[in-house]
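Chemist: Let's see this in three dimensions:
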Amino acid sequence: MNRFKEYLTVPFGVVEAEADEEAVLSIRLLRKGEAPEEDCESNLYTGLCLQQLKEFFAGDRKAFSFPYRLTGTDFQNGVWEEIAKIPYGETISCKELAERAGSSQNIAAVSQAAAANRLLFCIPVHRISDSALLPGFDGNLMAELQKLEKKPTIFTKYNYYEEQLRRGMGRSNKITGRFLYDVGEALFELEEELVLNAGKTYTFPVSFDLSGCSGFALEGICDLESIPDDPAFQTGAYTAEGSVFSGASGARAIVTLRRDSNRFTTAASLSPGTNMLYFDINEMSFSRVSELSVSVTAPLRSLKLFKLNVLDNYFRYRGQEHFYTFSGGMLSEESYTLRCKLSGACELESPVFPDTSKSVYNMRMPRRNTVFIVLKNLSTAARLRLYYRTTLHPEYCEENSVEAELIRSPEFKAYYFNLSATPGCEGRLLQFKLSLSGSGDLILREYSFEEEKPFLENAGEIRSCIAQDEEITIKGCISKRYAEAGSVISVYATTMREESSRPEGKECVASVPLRHAASEGQECAAEDQIPFTVEHIPLRSGPITRLPYQFAAYLTANGRTIPLGERFYIENYMDFDSNPYQFLLPSYQVCATDAPYGAKGDACTDDTDAIQSAIDTVWKQGGGTVILPGTEEEENEQTKFYGRRYRITNLLLRSRVELHFEKGAVLWQSPVYRDYKYAPVYGHDMAVPNVNWTHCLHVANLPTIQCANSEYVKITGFGKIRSVDTGAEEGVQMPGYSTGCPDRIHQIPIGFYETKRIELRDFELVRTNNYHIGLYGCAYVYAANLKLHEVRCVSGDGFGLSKGSHHVALNRNFLQSNDDGVVLSGCYFDPRGLVWWKSRLGKHGGTRHVRIAHSYLNSGGGKALAFITWGTSDPNYEYQEISDITAYDNYLISTNPVGAWPDNPYNGKAPFDNSETDDYSPVKSVRIFNNKYEGNCTIAPIRATDFLSDCGICSADDFQNRDFCISRQPNLSNWSYKKNKKRDSVSVRRIGGKICGVMQYFKEGDTSLYQGLHLLAGAHKCTFEVMTGATGAYLFVQNIRTGEILAERHIISPEAFQSFELKFMLSEDSDLYLGVRHPADMTSEEDFTALQKASMESVER
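Modeler: Here you go, the predicted structure:
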């Protein structure tokens, strides 16, 4: 037989796979200095072998399925067969192996047989615990392979920080971001002519004191024209600064400060040219420094050190007292807080903030309208007044101030100073001051500038909005003081795109005098309210219903128009599409605020551990519900207005657990890194060489709510998940990133991986700073009535269905964003899967069986329905096929309401420039009808099959994957088929030396193999290369929309493949099924029909 060889570079060297025409014979690592053979041929089995080895090293494969042949002696083969039985991740000793092989008295012979193994990795000798002692084996290699198999597939908060330390991503004391940097006096200055050379450590005697400082600044000139890309990405090693580093290359400076036996060391990457780096001294246990040591990995000159103070509203760094003035008492700093000792009337004044967003986080009004303050009041002061001045109102005045009632408590409390009702709430904040009177201590922990609901006049509320029998009925209540003679209630249909609280620009769907709308027998929440009903509002608007719309109601009286409550929606949405994957959980319930959990929901306490404890309790009890109380029974007016906010970092949801938000409950992502159990990375992206779109949500940070390898999970209720939006005061303009990205911890609010049976319903995701929902490798998902809006950064993708997610129903959801609405993805290798998800190599990666209905998807510059066909590096395209997608009754707005990102960035042309027109994986069986489209629908250059729509997108006009060999492994991608009771009644096989689509087992029912194409009016001819059994088969052409058979031909070719033609005429452009079928009959078990190739052409009449 012929021999074939193929090579693969792996973390341990170069692997050679050798095979013949039937099986793999050898897998070995090339010796040091040994080069791969040139001009050697590969075949299917070497390719399968190396592909599965890739999956093994990626952690996605635990067993190999390619055929291999053992070529040792009978004794060796017996030992190797026993080694192959050792489970993934486990080890046994040579002694135990000998016992299993029936040679317990001859351990040496068994060890020699193990060492003679020619199928490295496949026959897992590394699972012998003392394999390092085997003759000829590299002990380090065996140890690394054992570690590989024991490494977690994905990471959670319980194991991620350990992995971060391994990657060099531990908490860093380098300061980056938009801060007010006050660089003070020089502490040390190197003589100009002195250059610090690479590889040496330089030590200098110094004498300086860092008391009262946030840290120090380092300035120097790095004499490198450029720094090569660090290869650390190959091993997944990153630094917290957002650049990769393995220690093997790149430019670094390591600075050590000493006093006596105490030392403090820090390090940072250097850029070519002048560097100014800032470091905090939070972990430094001394302040006076007597010795300075510096070592570099690239020449550095003009080195200087300066005192540094950094203004930080979250008080993450020392030295904050430096920036504030305090009158009427004493100001001191302790444990990252400011302690104000009051002695009568006192004022604490902030520094002056620059009139720019580029250098410091400050407040642009009226978008940012609230100063949020966390403090502890141990004093007698009962009230606190905040004064402010802006670029447009530069003087303090009484009317531009807000007062709050102080709570005397040993615990920190949150206070909202909402400025929206003051006349000066415009321009950029210059300064604020806090004024109070009393004695004792007031301790300030943090403050931030928030965008909160403004104070607006409101005439009433909406109680219900029901759609029935093609009409909508609205019921509500109006305050009696607004119910004047001649008052009119108007209802408008609108969308999230219309942000104004005014009726202008909205569609009026009903206008009724109050005297006609007032209804008896309906109850209101308060005695001073009048109930009303507005009926007969049309449910439909053009091709769609109003399920994807919002509504707003107004009362007009005496020339004034006042809102009637907040915007609202048709609430009985489930009457129009039910949950096809419904499941019930046990009735067991716990409340996260009850003992022993003790979540506070006070907006300033980290409630992560309390809620997690409640989740874990329910999980261990076998399932049930964790309830987060809202504001229904809340008495505190501040909490009722802003919601009951549970500050969290990362929750790990478990199997058979429902997390239920009551109305008014808000899960609020913590903005402060010290709350996190791992080292979160600030910023939108993290640099990874040669990889596109390396958002921190993928490569660095955990989701706000994470779930992995679980089943039967729910998140429900009318609460909110609110992400960190620090620094989004400028808004989000595409293209480009918002100014404040460096100030934010970007993480996806909901990230699920390999989880089955999911229900997400009724809650809101607001202020999201990147993707909203990632469902990767998930199945049987129902997501309904979710509101994804108030997006505060770019890359605001809505629903990410990727890595093989299937059977997903998206029912009546809302997205107002700037990027893709629903991502339908085929993706094989995605190098960004480093933290909470992986690529799932060797498994289905294409999204399939998805229904999208009654939804509003506004994706700005993205695609409302986005086909992402990045599966072309998979050797089997069928695994990456996006198929069985249905979308109807949706309002789709974007540049491309239905569109595609076709060119695979992780395959083909490098560097990626999105120019390849044939680097896409298959799309099949799509139905998109009866939607409202705003934009240009196109998925070009993708040539899909069986794609029907009313938006201008059609199927291809010729067979795709016509010979079943579009990818390295033969497959049925682009082909539709009908199977009978036998799973393999339609498959791909080799018949007579040719790859074919094969139908068989006709006794078990009908079978067919066909493609859906779109052909223009005229004469056509399709040609099929077919071999049949004795009963033959039928070629057919069928109109997809009507079901009419337009042409059919019975064929028989039992001896060999034969070419058959089928000609037909079309009077109009048509969507057709064209292929081969075999009806059920009582033929012999051996009967079959094999299709080797199909083609399509237009012909003259």
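Chemist: Surely residue 8 touches residue 15?
Modeler: Yes - in this structure, residue 8 is within contact of residue 15 by C-beta atoms under 8 Å, at 4.7 Å. All C-beta spots, glycine's among them, are computed from the backbone N, C-alpha and C.
Chemist: Common neighbours of these two, please.
Modeler: 50, 53 (C-beta atoms under 8 Å, 6 or more residues apart in numbering).
Chemist: So those two - more neighbours on which side?
Modeler: residue 15 (22 against 18; other C-beta atoms under 10 Å).
Chemist: mean confidence for the helix or strand harbouring that one?
Modeler: Per DSSP states H and E, residue 15 falls inside strand 13-19. Regarding strand 13-19, the rounded mean pLDDT is 92.
Chemist: domains of this protein?
Modeler: What automatic domain parsing lists as the domains of the chain is 4-150, 166-311, 320-450, 460-564, 589-949, 976-1099.
Chemist: Rebuild the ones you listed as a markdown table, extending it with distance to residue 579.
Modeler: Shown next, in a markdown table, are the domains of the chain (distance: least, C-beta to C-beta, whole Å):
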| stretch | distance to residue 579 |
| --- | --- |
| domain 4-150 | 31 |
| domain 166-311 | 39 |
| domain 320-450 | 36 |
| domain 460-564 | 16 |
| domain 589-949 | 4 |
| domain 976-1099 | 27 |
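Chemist: Among the ones you listed, which comes closest to residue 959?
Modeler: domain 976-1099 (4.6 Å; C-beta to C-beta).
Chemist: Past the strand holding residue 15, which element shows up next along the chain?
Modeler: According to DSSP H and E, the helix or strand after strand 13-19 is strand 24-29.
Chemist: From the contact counts, what lies against the very next helix or strand once past that next one?
Modeler: The C-terminal neighbour of strand 24-29 among helices and strands, as given by DSSP H and E, is helix 44-57. Applying 3 or more C-beta pairs under 8 Å, 6 or more residues apart in numbering; DSSP states H and E, one finds that helix 44-57 contacts strand 4-10, strand 13-19, strand 24-29.
Chemist: What mean pLDDT does helix 44-57 get?
Modeler: The pLDDT scores in helix 44-57 average 87.
Chemist: for stretch 910-925, same thing?
Modeler: For stretch 910-925, the per-residue pLDDT averages 90.
Chemist: next one: stretch 1040-1058
Modeler: On average, stretch 1040-1058 scores 95.
Chemist: ok so, going back, please state the offset of the strand holding residue 15 from the chain centre?
Modeler: Distance of strand 13-19 from its chain centroid, counting by C-alpha atoms, centre = their mean, to the nearest Å, is 36 Å.
Chemist: and if you look at stretch 1093-1101?
Modeler: Centroid separation between stretch 1093-1101 and its chain, computed with C-alpha atoms, centre = their mean, is 45 Å.
Chemist: now swap in stretch 605-618 and tell me
Modeler: 23 Å.
Chemist: Convert it to CSV, retaining C-alpha atoms only.
Modeler: The C-alpha coordinates for stretch 605-618 follow below in CSV (Å, rounded to 0.1, in the frame of the first residue of the first chain):
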residue,chain,number,x,y,z
THR,A,605,-23.0,46.5,49.3
ASP,A,606,-21.4,43.8,47.2
ASP,A,607,-24.3,41.2,47.2
THR,A,608,-22.5,38.7,44.9
ASP,A,609,-21.7,36.1,47.7
ALA,A,610,-25.2,36.4,49.3
ILE,A,611,-27.0,35.8,46.0
GLN,A,612,-24.6,33.0,45.0
SER,A,613,-25.1,31.3,48.3
ALA,A,614,-28.9,31.3,47.7
ILE,A,615,-28.4,29.9,44.2
ASP,A,616,-26.1,27.2,45.6
THR,A,617,-28.6,26.3,48.3
VAL,A,618,-31.4,25.8,45.8
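Chemist: ok, residues contacting that stretch?
Modeler: Here stretch 605-618 makes contact (C-beta under 8 Å, 6+ apart) with 412, 588-592, 596-601, 624-626, 628, 646-654, 656-657, 659, 670, 675.
Chemist: So how do I select the buried members of those residues in ChimeraX?
Modeler: If you want just the buried ones from the contacts of stretch 605-618 in ChimeraX, going by 16 or more other C-beta atoms under 10 Å, the selection is:
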select :412,590,591,592,597,599,600,601,624,625,626,628,646,647,648,649,650,651,652,653,654,656,657,659,670,675
